[in-house]
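> Sequence first, then the predicted structure:
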Amino acid sequence: MPNFQNSLANYTFLNLLISMFMYWISIAFPKLKIAQHIGKVGIVIANIAIAFILSFRWWNEGYFPLSNLYESLLFLSWGLTSVQLILEARIKNQIVGAVTTPVSMFIIAFASMSLPLDMQKASPLVPALKSNWLMMHVSIMIISYATLILGSLLSILFLIITKGKDVNLKGSSIGNGKMKKDLEGALKVTPTSSNAQTLIDKNNYQQITLLESIDNLSYRTIGLGFPLLTIGIIAGAVWANEAWGTYWSWDPKETWALITWLIFAAYLHTRINKAWEGKRPAILASVGFVVVWICYLGVNFLGKGLHSYGWVS
């Protein structure tokens, strides 16, 4: 059965690769709607395939499959594809899939092709992990990572689109509402204006609408991931007290979780108070993208701390 799981994971990688190209094609050729539909169907199939692998391991081993790096990576990719599908159902836009699918694909590739086979096998839980907190704490943390990664990716996309441009979105938490209304008015009163000027106004309007959508979606996605991160950290503290007799021990994992929390707390604080808008909060969210990966994966490669078992030593 492990060979079947590995084959299914490899198929999922191929499926995500095809979906990624379909999303990119749908952006390059907007009128080719079939490409976006194929990409979305591919994500649904990949999500179900990953869920099947995790469910089988859960059924076969008798515990929630989050005991090692391989299972954690699969769960993270499942979380990313799940959040992606939820957002796509709401906004009906291929942008989310175009930026998220490559990350899910590389996660699956790393898990199934780079990790040694011994690390992909399920192993008996160490005493500290034999707790109901395993499901609550670790699953919520990884879902929060997936949500924050997606939101941060959208901020990185925002910075890429606005590179070299003076963009200052003001007027609302979702973008430059006043500028958008002004352009709407200009487009409605264009009988005397030249075709070239009308085309420029329409292009500006489309660009502002796109930037508003990306900025707003990033803000709302991070706003969803942050409470999950908070709940996960609190659950972890309670579990740590039961397992090790202390709520907080400044373990490398705990320290970076706190750093991650502070960065996204600062991001949301600036957005809610409108102290920063446009590029500056996007830069902060982009820093958060790197910090999330350090917290989730980087500190485990050090092989130090209370959270190093079951991962990389």
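That came through fine. Numbering: from 1, shown residues only.
> What are the structural domain limits within the chain?
1-119, 164-313 (automatic domain parsing).
> Of those, which stretch is the most buried?
With neighbours defined as mean count of other Cβ atoms under 10 Å, the domains of the chain peak in mean count at domain 1-119, which reaches a mean of 18. C-beta: built from backbone N, CA, C; applies to glycine.
> Can you give me every residue that contacts residue 158?
Shown in contact with residue 158 (Cβ atoms under 8 Å, 6 or more residues apart in numbering): 211, 214-215, 218, 279, 282.
> Take those and lay them out in a markdown table including pLDDT.
Converted to a markdown table, the contacts of residue 158 look like this (pLDDT from 0 to 100):
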| residue | pLDDT |
| --- | --- |
| 211 | 79 |
| 214 | 85 |
| 215 | 86 |
| 218 | 90 |
| 279 | 82 |
| 282 | 89 |
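> Sort out which of these are in helices and list them.
211, 214-215, 218, 279, 282 (DSSP state H).
> any idea where the helices of this structure begin and end?
Secondary structure of the chain by DSSP H: the helices cover 2-28, 33-61, 69-91, 95-109, 117-120, 133, 139-161, 177-188, 195-244, 252-272, 279-296.
> Just want the angle from the longest one to helix 252-272.
Pointing back at helix 195-244 there. 140 degrees (axes from the mean of the first three to the mean of the last three Cα atoms, to 10 degrees).
> Likewise for the fourth one?
When the same axes, to 10 degrees is applied, the directions of helix 95-109 and helix 252-272 differ by 180 degrees.
> What helices and strands are in contact with helix 95-109?
In terms of contacts (3 or more Cβ pairs under 8 Å, 6 or more residues apart in numbering; DSSP states H and E), helix 95-109 is packed against helix 2-28, helix 33-61, helix 69-91, helix 139-161, helix 195-244.
> that older thread, please identify which of the ones in helices among the contacts of residue 158 is nearest to residue 56.
Nearest to residue 56 among those: residue 218, at 34.8 Å, using Cβ to Cβ.
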